[in-house]
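[1] The following comprises the amino acid sequence and a computationally predicted model.
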Amino acid sequence: MTETQKTEADHILETRAALLEAAIPHVVFDGWSDATFDAAVAESGVDAGLAAQACPRKGLDLAVAYHRQGDRAMVAAMEAADLQSMRYSDRVAYGLRARLETADRELVHRGSTLFALPHHAAEGAGLIWETSSAIWDALGDTSRDVNWYSKRAMLSAVYSSAVLFWLGDTSEDSAETWAFIDRRISDVMKIETTKAKLRDNPLSKAFMAGPGRLLDLIKAPDTSAQSNMPGYVAPKS
């Protein structure tokens, strides 16, 4: 990428950030909609043509940008925390809690409504996967085989259920949500323990030496280049 291209990319990111900042007060009333996008363009002073280039799908692109902004805040919180002093399960739970603590409940509710629509569901699932992958990456996950996928799949399920629980949580300081996350993470750790025991089982060893060797062909995607594979983390937006 040339310096000119970098400058153009940075300009798009700055434009999108300006639009997102102007859009947020309108999301409560109009959701992540075209109306919100139009209001953001008018109030931010961003050129309409540049706004269309930064967010060609208007409100949908703003919703995606808001989600990824939350992911970046979560990663920053994890990097600033003393994770090494925590048990591994607590580190995972800390990442999920940090993700929700950096979010606005009403904005997330509006986003959940948008991504629940059939034609946006796949993109919403992809964003959840990105969040889960970002947590594992922040924790230093080095798996490159089928475990790369299974870890992110399980954490995606935990995160999506935690979001739904959190949206309806009326407890003080979201205490019930944090307890819910701890329970779900405990369940995941039990699964990992069971998997470890199964690996030592003679039948499992026989399977892995035979048909199970096909699992060795499953590799994590190359995220150094753009990919449509699960786990590809898009550029900052």
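    Sure thing, it's come through.
[2] Please count neighbours and contacts with C-alpha atoms only from this point.
    OK.
[3] Regarding V46, what is its secondary structure?
    On the three-state scheme (DSSP: H, G, I helix; E, B strand; the rest coil), V46 is labelled coil.
[4] Would you check that it makes contact with E14?
    No. Between V46 and E14 there is no contact under Cα atoms under 8 Å: 10.4 Å.
[5] in this protein, what spans have low per-residue confidence?
    In the predicted model of the chain, residues 1-6, 192-220, 222-237 satisfy pLDDT under 70.
[6] Which residue ranges of it form helices?
    3-30, 34-44, 48-54, 59-80, 88-101, 105-115, 121-138, 146-167, 175-199, 202-209 (DSSP state H).
[7] Nearest to P221 among those would be which one?
    Minimum separation from P221 across the helices of the chain (Cα to Cα) falls at helix 146-167, 9.3 Å.
[8] Which neighbouring elements make contact with that closest one?
    If contacts are counted by 3 or more Cα pairs under 8 Å, 6 or more residues apart in numbering; DSSP states H and E, helix 146-167 sits against helix 121-138, helix 175-199.
[9] buried residues in that helix?
    Within helix 146-167, the residues that count as buried by 16 or more other Cα atoms under 10 Å are 148-149, 151-156, 158-160, 162-163, 165-167.
[10] Next: stretch 108-128.
    Those buried within stretch 108-128 under the rule 16+ other Cα under 10 Å are V108, H109, R110, G111, S112, L114, F115, G124, A125, G126, L127, I128.
[11] Tell me which two in the buried residues of helix 146-167 are the farthest apart.
    W148 and L167 (28.6 Å).
[12] As JSON lines, the helices of the chain with distance to P221 would be great.
    Formatted as JSON lines, these follow (distance: least, Cα to Cα, whole Å):
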{"stretch": "helix 3-30", "distance to P221": "24"}
{"stretch": "helix 34-44", "distance to P221": "34"}
{"stretch": "helix 48-54", "distance to P221": "27"}
{"stretch": "helix 59-80", "distance to P221": "20"}
{"stretch": "helix 88-101", "distance to P221": "22"}
{"stretch": "helix 105-115", "distance to P221": "25"}
{"stretch": "helix 121-138", "distance to P221": "12"}
{"stretch": "helix 146-167", "distance to P221": "9"}
{"stretch": "helix 175-199", "distance to P221": "22"}
{"stretch": "helix 202-209", "distance to P221": "22"}
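[13] Please name the nearest non-neighbouring residue to the spatially most central residue of the chain.
    By Cα atoms, centre = their mean, the chain has its centre lying nearest to T131, at 1.9 Å. With sequence-adjacent residues excluded and distances taken as Cα to Cα, 6 or more residues apart in numbering, T131 is closest to D71, at 6.0 Å.
[14] So the one you found is in contact with R97, correct?
    No. Using Cα under 8 Å as the test, D71 is too far from R97 to be in contact (11.7 Å).
[15] which of the two has more neighbours?
    Shown here are D71 and R97; by other Cα atoms under 10 Å, D71 has more neighbours (26 against 19).
[16] For that one, list the residues it contacts.
    R99, T131, A134 (Cα atoms under 8 Å, 6 or more residues apart in numbering).
[17] That one and S133, how far apart?
    According to Cα to Cα, to the nearest Å, D71 stands 10 Å off from S133.
[18] what residues are shared contacts of these two?
    What both D71 and S133 touch, as defined by Cα under 8 Å, 6+ apart, is an empty set.
[19] Walk me through the domains of the protein.
    Domain assignment of the chain by automatic domain parsing yields the ranges 1-56, 72-237.
[20] Any chance of JSON lines for the ones you listed, columns distance to A63?
    Output for the domains of the chain, formatted as JSON lines (distance: least, Cα to Cα, whole Å):
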{"stretch": "domain 1-56", "distance to A63": "6"}
{"stretch": "domain 72-237", "distance to A63": "6"}
